[in-house]
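A.B. asks: sequence? don't have it. structure:
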């Protein structure tokens with residue numbers, strides 16, 4: 001049996017080695033750093049470069065791939081070993097033209113440059129020769145230069161086994177091997193999703209962000225002809241003067257870049273994964289996004305939006321000055337005039353109609369500190385609980401389901417728990433497009449670790465294609481088959497009896513509630529076969545751990561809260577809480593939709609989920625704020641719209657939320673906003689909602705301010721200001737404070753850290769949160785104790801109820817709105833990889849627009865044949881609540897009479913022109929997914945698809961495990977350097 005640690009000798013000195021680590025990992029851990037070009041800590045041993053050779057117990061081996069053994073003796077500094085490493089680097093130089101001074105990658109982190117320096121290589125042994133392939137710059141975001149490619153395979157490993165998009169491989173059969181996309185396609189005609197993994201890990205300049213080219217260094221902006229002349233000239237001198245003087249100049253230039261390029265840690269502002277990275281900037285120019293191995297949620301991973309979708313920050317459409325309505329338009333105003341008007345009009349409405357006549361909406365893309373100030377403004381200054389955020393539109397039902405059963409409204413564990421789980425049950429989530437980095441972890445575990453995946457969805461998207469079991473329930477019937485699985489597990493005696501007895505209440509009531517959910521009933525109602533229900537139950541029973549992920553396909557129904565509850569009940573029934581790899585994970589949609597709720601921007605909860613009816617909690621805030629807070633919940637950002645009709649709501653203060661196009665029934669919302677006495681909107685752009693405002697306040701982007709976000713796994717992370725706010729825009733927290741102080745609040749926050757300090761005093765789950773503890777890439781997962789201890793995995797000992805026990809929550813089935821004779825089609829809707837929501841940020845990126853120029857409706861081949869429709873035809877889709885005109889995309893992702901429209905549109909083709917005011921009775925989330933429609937053809941299209949052929953969905957991936965280095969070793973031109 002292996003020991004956890006044991007002694008090992010390196011150059012005669014003894015070190016403690018850990019079981020399972022490699023020689024190179026041991027050396028790096030002890031600050032013994034030898035050259036290693038293909039090895040990357042997030043990729044593991046690739047074994048293509050041979051630059052990390054050492055002698056272990058008398059044999060020359062690759063240190064990156066050789067496990068340590070007890071009493072192993074390692075030598076690395078003897079000349080004969082160094083010479084082997086030099087030989088390996090020399091072979092690489094034959095594939096790479098070393099011109100570091102004028103290279104955009106000369107930023108201190110070029111592995112080849114550093115290896116040449118470390119090994120003191122003076123002259124190039126094997127002359128460089130270009131490969132017979134052109135540079136591929138077809139992708140809008142990055143280029144590939146085959147002649148600079150050293151064939152290390154990092155990009156392939158990242159694509160195949162980290163992102164698991166499986167696009168890249170090295171074709172070792174070519175006379176001059178190279179990295180290829182799919183079946184040797186151009187990058188832009190392949191299955192590449194532009195996630196950027198390959199660019200991030202490339203150790204040289206073969207793969208480069210286009211935004212870096214010509215912008216990184218002092219000499220990199222030279223025109224190509226001059227640059228080539230300089231390179232050739234310097235190369236002609238190298239045999240005489242050696243490489244060392246040239247490398248010395250390159251090092252000086254590289255150090256000069258340190259003052260030129262600003263590297264700022266920040267967090268992505270798209271989905272709720274919470275990817276963190278360094279943002280490289282020169283002035284306002286964004287050079288690149290560089291994720292780091294230490295990024296806690298994502299490591300080296302990004303998606304196309306997080307890696308390349310930042311053009312909106314410098315968009316000419318940004319608001320840079322306050323605007324005041326004048327007639328049918330707006331005029332620019334000073335900050336003083338605009339803020340005075342906001343304060344005076346809101347005060348006037350409060351005095352005339354009462355505190356509850358005003359609704360406040362916090363941004364789910366703003367910071368935690370800003371969400372806190374919005375609810376403080378509502379409660380302390382105006383005395384109302386009318387405050388909310390956009391979680392109402394997506395994840396509130398999931399939160400309700402978790403509150404009912406386990407007590408906390410957040411993910412049970414971390415993304416790494418999803419990676420380590422034996423079984424993932426994914427319900428109503430298009431994870432690969434909505435949460436790509438989480439999908440990457442699941443795809444990796446499925447591919448490499450034998451993890452099983454069950455997917456329940458209406459569409460055959462990527463995760464459905466990869467699943468071990470895919471079921472297609474009828475729309476809105478998930479609760480039925482979930483409860484049938486639970487009943488079958490009980491009937492078979494597979495429930496976690498000891499766990500239930502010790503840790504869960506109300507089991508008997510739950511069992512009784514499952515009586516109607518027989519296999520026959522479930523098959524009849526949901527369309528899921530009894531055989532599939534039995535198979536799912538068996539897989540759950542056989543798995544050592546199960547985690548459930550779900551999203552808007554569950555929550556955006558009238559039964560969203562109940563279905564979320566059913567999933568949590570199932571986890572409790574099978575003992576899948578409180579252990580690694582288990583728990584419920586409602587995947588949050590916006591970057592800070594979790595944090596906005598956590599920090600109190602909710603109509604029923606104070607910061608830290610302390611209910612407004614809790615006298616002790618309310619008194620604590622009242623004493624600290626010197627005010628009175630109502631003990632009843634206020635209107636949320638959905639019910640407040642009906643309250644406008646009854647004249648209970650007279651004014652709204654909306655921060656960073658596009659109510660018109662993300663709320664349900666857009667025409668209804670427009671009419672309601674027109675009825676308001678006063679509307680103030682704070683945003684980066686003149687959104688559709690802002691067009692109805694009386695005052696528009698220009699807000700700063702996330703990279704123009706400091707603060708914190710909370711991601712889907714309850715992880716609190718800091719963001720840092722990378723550049724000044726554009727024009728006269730300001731951070732939301734400063735604007736909110738200015739409004740409050742004009743109303744006599746007397747706030748004096750000098751920076752967001754002071755706001756967080758106040759929160760930690762008032763909300764127990766944030767007791768130990770401080771900016772010092774969140775410095776750099778450090779993070780904390782709430783609850784956080786006063787000493788700074790956080791909670792990556794919830795419920796290991798107790799659940800968040802007074803007695804520490806979880807609660808089964810019995811449920812009944814309520815049928816959804818369904819199709820009828822007139823409205824005979826069901827329209828599903830949701831996100832798409834390349835755009836976020838209505839696209840008010842992503843459409844500012846030309847590259848993202850190129851990939852998906854506009855919206856479309858997916859229809860099945862069978863329905864297309866029945867209705868005589870083809871790609872590009874224009875149709876009118878009509879519901880009981882509105883209509884849209886949209887182009888057709890025929891695809892097997894949908895089937896039968898089910899349609900799908902993405903959210904990425906505004907105006908006449910926006911999906912919410914069709915949706916209703918029906919909502920979940922518990923969470924008040926709109927039933928966006930319950931949408932019967934009819935469709936008529938308006939005109940023939942040209943036959944061109946609304947989805948360009950350069951979109952990755954048309955590519956043909958090339959799955960394999962890693963780089964297949966054995967194929968390199970088989971080549972006749974490979975000379976072995978190792979003795980293993």
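C.D. replies: Right, received. Where do you want to start? These numbers come from a predicted model, not from an experiment.
A.B. asks: now do the phi/psi pair for residue 289.
C.D. replies: Note on residue 289: backbone dihedrals following degrees, to the nearest 10 are phi -110, psi 130.
A.B. asks: pretty sure it is touching residue 309, no?
C.D. replies: No. Assessed by C-beta atoms under 8 Å, residue 289 is found out of contact with residue 309, at 9.2 Å. C-beta: built from backbone N, CA, C; applies to glycine.
A.B. asks: okay, these two: which has more neighbours?
C.D. replies: residue 309 (27 against 23; other C-beta atoms under 10 Å).
A.B. asks: and the more buried one, what is it in contact with?
C.D. replies: Residue 309 makes contact with 270, 836, 841-842, 845, 847-848, according to C-beta atoms under 8 Å, 6 or more residues apart in numbering.
A.B. asks: same question for residue 839.
C.D. replies: With the criterion set at C-beta under 8 Å, 6+ apart, residue 839 makes contact with 904-906.
A.B. asks: ok, now with 6 Å
C.D. replies: Counting by C-beta atoms under 6 Å, 6 or more residues apart in numbering, residue 839 makes contact with residue 904.
A.B. asks: swap in residue 55?
C.D. replies: 75, 81.
A.B. asks: and it, how far is that from residue 92?
C.D. replies: 21 Å (C-beta to C-beta, to the nearest Å).
A.B. asks: so which of the contacts of residue 309 are in helices?
C.D. replies: Secondary structure assignment (DSSP state H) places 847-848 from the contacts of residue 309 within helices.
A.B. asks: CSV for the contacts of residue 309, including neighbour count, pLDDT and distance to residue 894?
C.D. replies: CSV is the format used below for those (neighbours: other C-beta atoms under 10 Å; pLDDT from 0 to 100; distance: C-beta to C-beta, whole Å):
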residue, neighbour count, pLDDT, distance to residue 894
270, 24, 96, 25
836, 25, 93, 22
841, 24, 94, 27
842, 24, 95, 23
845, 23, 96, 27
847, 18, 97, 27
848, 27, 96, 23
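A.B. asks: what is the nearest of the contacts of residue 309 to residue 557?
C.D. replies: Nearest to residue 557 among these: residue 836, at 22.2 Å, using C-beta to C-beta.
A.B. asks: now the closest one: how far from residue 462?
C.D. replies: Relative to residue 462, and taking C-beta to C-beta, residue 836 is found at 18 Å.
A.B. asks: same check on residue 773?
C.D. replies: 37 Å.
A.B. asks: so residue 338 makes contact with residue 693?
C.D. replies: No. With contacts counted by C-beta atoms under 6 Å, residue 338 stays clear of residue 693, the gap being 10.8 Å.
A.B. asks: wait, residue 400 sits on residue 559?
C.D. replies: No. Between residue 400 and residue 559 there is no contact under C-beta under 6 Å: 11.3 Å.
A.B. asks: return the set of buried residues in the worst-scoring helix or strand of the chain on mean pLDDT.
C.D. replies: For the chain, counting by mean pLDDT, DSSP states H and E, helix 224-241 ranks last in confidence among helices and strands (a mean of 79). By neighbour count with 16 or more other C-beta atoms under 10 Å, helix 224-241 contains the buried residues 227, 231, 234-235, 238.
A.B. asks: adding distance to residue 163, write these out as JSON lines.
C.D. replies: Output for the buried residues of helix 224-241, formatted as JSON lines (distance: C-beta to C-beta, whole Å):
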{"residue": "227", "distance to residue 163": "32"}
{"residue": "231", "distance to residue 163": "33"}
{"residue": "234", "distance to residue 163": "37"}
{"residue": "235", "distance to residue 163": "36"}
{"residue": "238", "distance to residue 163": "38"}
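A.B. asks: let me know the closest of those to residue 699.
C.D. replies: residue 227 (41.2 Å).
A.B. asks: list the contacts for that closest one?
C.D. replies: Per C-beta under 6 Å, 6+ apart, neighbours of residue 227: residue 102.
A.B. asks: that one and residue 218: what is the separation?
C.D. replies: 13 Å.
A.B. asks: and the gap between residue 29 and residue 7?
C.D. replies: 15 Å.
A.B. asks: buried ones in the helix or strand where residue 251 lies, by neighbour count?
C.D. replies: Assigned by DSSP states H and E, residue 251 belongs to helix 244-260. By neighbour count with 16+ other C-beta under 10 Å, helix 244-260 contains the buried residues 246-247, 250-251, 253-254, 257.
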